[in-house]
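Enquirer: When you get a sec, could you give me coordinates for this:
(one chain, ligands or ions: 1)
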Amino acid sequence: MSAPPVSELVEAATAAARGAYAPYSGFHVGAALLFDDGAVVGAANVENASYGLSLCAEANAVARAMAEGRRGGLVAVAIVGGRPDAAGAVVPGSAPVMPCGRCRQMLHELAALGGTDPEVIGVAEGGHTRLPLSALLPHAFGPANLA
Ligand code: THU
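Expert: Alright, predicted model coming up:
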């Protein structure tokens, strides 16, 4: 399979951010997961009046992909976050949005099932930060520990 360019994955994350339900923080996030068959699965953050129950875009994307039956094959993840403009399009800030700790663990579960080390692409106004998930979550606990 030929991977779509990073710009297309970032576009998918930007489109996914349109689904954000973030009335409390006002911070809209979209995540797009790229799989080795070329499929892209996107999702947005979903907040809750009980603030601590809010769900990140990456966690929702992992849950969506796994609920569709995916068990591995994760090759890249793009994340776009920021305040929406008047037209509702997310505007990235100066710092790239990289996954929070919980989301790193959730991404690791899906990646580990297929033995991949996906590239994580965090988007900022001035460019992207690109790192392998293993650099963001070294020595990860995962399915292998319970085998
Ligand atoms: N958020 C994400 O969706 N992904 C991240 O990587 C960081 C934070 C969400 C959670 C909350 O709805 C809002 O951004 C502000 O923290």
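Enquirer: So which elements touch the longest helix belonging to the chain?
Expert: Ranked by number of residues, the top helix in the chain under DSSP state H is helix 101-114. Judged by 3 or more CB pairs under 8 Å, 6 or more residues apart in numbering; DSSP states H and E, helix 101-114 is in contact with helix 57-67, strand 74-84, helix 133-136. Just so you know, the C-beta spots here come from the backbone N, C-alpha and C atoms, and that holds for glycine as well.
Enquirer: quick one: average confidence on that helix?
Expert: For helix 101-114, the mean per-residue pLDDT is 98.
Enquirer: buried sites along that helix?
Expert: Buried residues in helix 101-114, defined by neighbour count with 16 or more other CB atoms under 10 Å: Cys103, Arg104, Gln105, Met106, Leu107, His108, Glu109, Leu110, Ala111, Ala112, Leu113.
Enquirer: Highest mean neighbour count across the helices and strands packed on helix 101-114, which stretch is it?
Expert: When the helices and strands packed on helix 101-114 are scored by mean count of other CB atoms under 10 Å, the highest mean neighbour count falls to strand 74-84 (a mean of 24).
Enquirer: The very next helix or strand once past it - contacts with which helices or strands?
Expert: The helix or strand immediately downstream of strand 74-84 is strand 90-92, counting by DSSP states H and E. Using 3+ CB pairs under 8 Å, 6+ apart, the elements in contact with strand 90-92 are strand 28-35, strand 74-84.
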